[in-house]
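A.B. asks: sharing a model prediction with you, sequence too.
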Amino acid sequence: MLQKPLEFLEGYTGWLEGSTTKYPDFNEQAKSKKKETRRALKISEESMVNSFTDDEMARRIVEHSRPKRTLKIYDGQFKLLEEMKPACKTEKAAKRLKESDVVIELQRSENHYRPLFRWDTIPDELADRIRKALTSRAPDHKQLKTAQPIIKHFQGEDTRNRRMISWDLEATTDADSQFKCYAVGMAWYRSVYDNSLEPVGCTAYMDGDQEMLYMSWWGLDALQKMIEFVVAYQKYFAESTFYAHNGGKFDLPMLLREHLFQFDGAIIEGEKCTILNGRWIGFQVLFLEHETRIYFRDSFALLAGSLDKLTKEYNVPHLKLAETVSHDDITLDNWHTFDALPLYLTHDCLGLLELLDRFGAEIF
């Protein structure tokens, strides 16, 4: 439809006006375009997936489409997210692209692409017909008053739930190139929990006037020690949500593989597991002794971006210490020789906790 905008707009206008019940169908043209792109990719020894709902595939289409066009992608609020310009092999092609006033514009919303047409590019007569048809289809005042709400009452919590734990692990590869954990840390706000059940041996840190507690475990059995700690204080941590940043790709699979799958004292409640595009978004665990639950989540699903960038944006007290540790130099045999590691892990946990608390206050 972007290749033949007037044809689409004529069909769309007829559908709006009611002269046709069929929405403009460009499936055959889309299939033809797909075959054309597949052939171009095959020549350049690239592959093509079936989905067009990612920027990488959009970039490939831009590179291999003829004639060459610039592609602009906007978000749901029409803010420009990215501008993709195809590479030009000759000066003539580059000049032709630069002088062309034809730009393909798409809106990406909820992981779907929608074509955009500017009003000033639509012929006046057709634009008037579209405006008139849109106005006639809009609900009137009486219809709006009698419309039934989809949700009558939102059942939200009266107060913000701060029963959250931030946690992080440190890992490196073994002789078989498999990642193995050698350290784990976790942090939480002290005032949120029952101090009569409070664990012993925690280290206290401050976030303004809020006290945070921190625990860490070191060694190749660090994940086991962390779970044993949570089990021992399962009443204290009951109904808490454990957040690991980007944990869906790394921390959560490792926790499951190295410990929870073999742990007899808890059940991973399968119907509550959420996996998206190979990433664990979250799951919940029922500890059998006192039948208490905790929830594991990937904070990246809430706050997309690196922890380094996000802690700076939210100006938290404990920033990520990105430059203090070179993970490429760490092995399972020498991790204990890196003096900067304990503080590095501490800041990762505290910084994520502070970040989540500020984000929660912002949206609650």
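C.D. replies: Received, thanks. Residues are numbered from 1 along each chain as shown.

A.B. asks: mind checking the end-to-end distance for stretch 74-87?
C.D. replies: Using CA to CA, to the nearest Å, the end-to-end distance of stretch 74-87 comes to 21 Å.

A.B. asks: may I see the buried residues of it?
C.D. replies: Using 16 or more other CB atoms under 10 Å as the test for burial, stretch 74-87 gives 74, 84-86. C-beta: built from backbone N, CA, C; applies to glycine.

A.B. asks: which of these sits closest to Lys180?
C.D. replies: Of all the buried residues of stretch 74-87, Lys180 sits closest to Met84, with 40.1 Å by CB to CB.

A.B. asks: check Met254 and give its pLDDT.
C.D. replies: You'll see Met254 listed with a pLDDT of 88.

A.B. asks: is it possible to get TSV of the buried residues of stretch 74-87 that adds distance to Trp167 and secondary structure?
C.D. replies: Converted to TSV, the buried residues of stretch 74-87 look like this (distance: CB to CB, whole Å; DSSP: H, G, I helix; E, B strand; the rest coil):
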residue	distance to Trp167	secondary structure
Tyr74	37	strand
Met84	38	strand
Lys85	42	coil
Pro86	44	coil
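
A.B. asks: from Phe261, how far off is Lys180?
C.D. replies: Computed as CB to CB, to the nearest Å, the Lys180 to Phe261 distance reads 16 Å.

A.B. asks: quick one, which of the two is more surrounded?
C.D. replies: Neighbours per residue, other CB atoms under 10 Å: of Lys180 and Phe261, the larger number sits with Lys180, 16 against 9.

A.B. asks: and stretch 268-288, which residues are buried?
C.D. replies: 279-285, 287.

A.B. asks: make that stretch 343-363, sorry
C.D. replies: Under 16+ other CB under 10 Å, the buried positions of stretch 343-363 are 344-358.

A.B. asks: list just the nearest of these to Leu169.
C.D. replies: Distance to Leu169 across the buried residues of stretch 343-363 (CB to CB) is lowest for Leu345, with 8.4 Å.

A.B. asks: so how far is Val325 from the closest one?
C.D. replies: 9 Å.

A.B. asks: rewinding a little: got a markdown table for the buried residues of stretch 268-288, with distance to Ala94 and secondary structure too?
C.D. replies: What follows is the buried residues of stretch 268-288, written out as a markdown table (distance: CB to CB, whole Å; three-state DSSP):
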| residue | distance to Ala94 | secondary structure |
| --- | --- | --- |
| Arg279 | 39 | strand |
| Trp280 | 45 | strand |
| Ile281 | 43 | strand |
| Gly282 | 48 | strand |
| Phe283 | 51 | strand |
| Gln284 | 55 | strand |
| Val285 | 57 | strand |
| Phe287 | 63 | strand |
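
A.B. asks: and those, which two are the farthest apart?
C.D. replies: Within the buried residues of stretch 268-288, Arg279 and Phe287 form the most distant pair, 24.8 Å apart (CB to CB).

A.B. asks: name the nearest of the buried residues of stretch 343-363 relative to Glu271.
C.D. replies: Leu356 (25.7 Å).

A.B. asks: contact partners for the closest one?
C.D. replies: 164, 166, 243, 299, 302-303 (CB atoms under 8 Å, 6 or more residues apart in numbering).

A.B. asks: tell me where the stretch 51-200 of the chain has strands.
C.D. replies: Along the stretch 51-200 of the chain, counting by DSSP state E, counting those that start in this stretch, strands occupy 70-74, 80-84, 103-109, 112-115, 164-173, 179-189.

A.B. asks: where are the low-confidence patches of the protein?
C.D. replies: Across the chain, the ranges flagged by pLDDT under 70 are 1-3, 26-57, 64, 109-111, 140-141, 143-145, 147-158, 364.

A.B. asks: cool, thanks, talk later.
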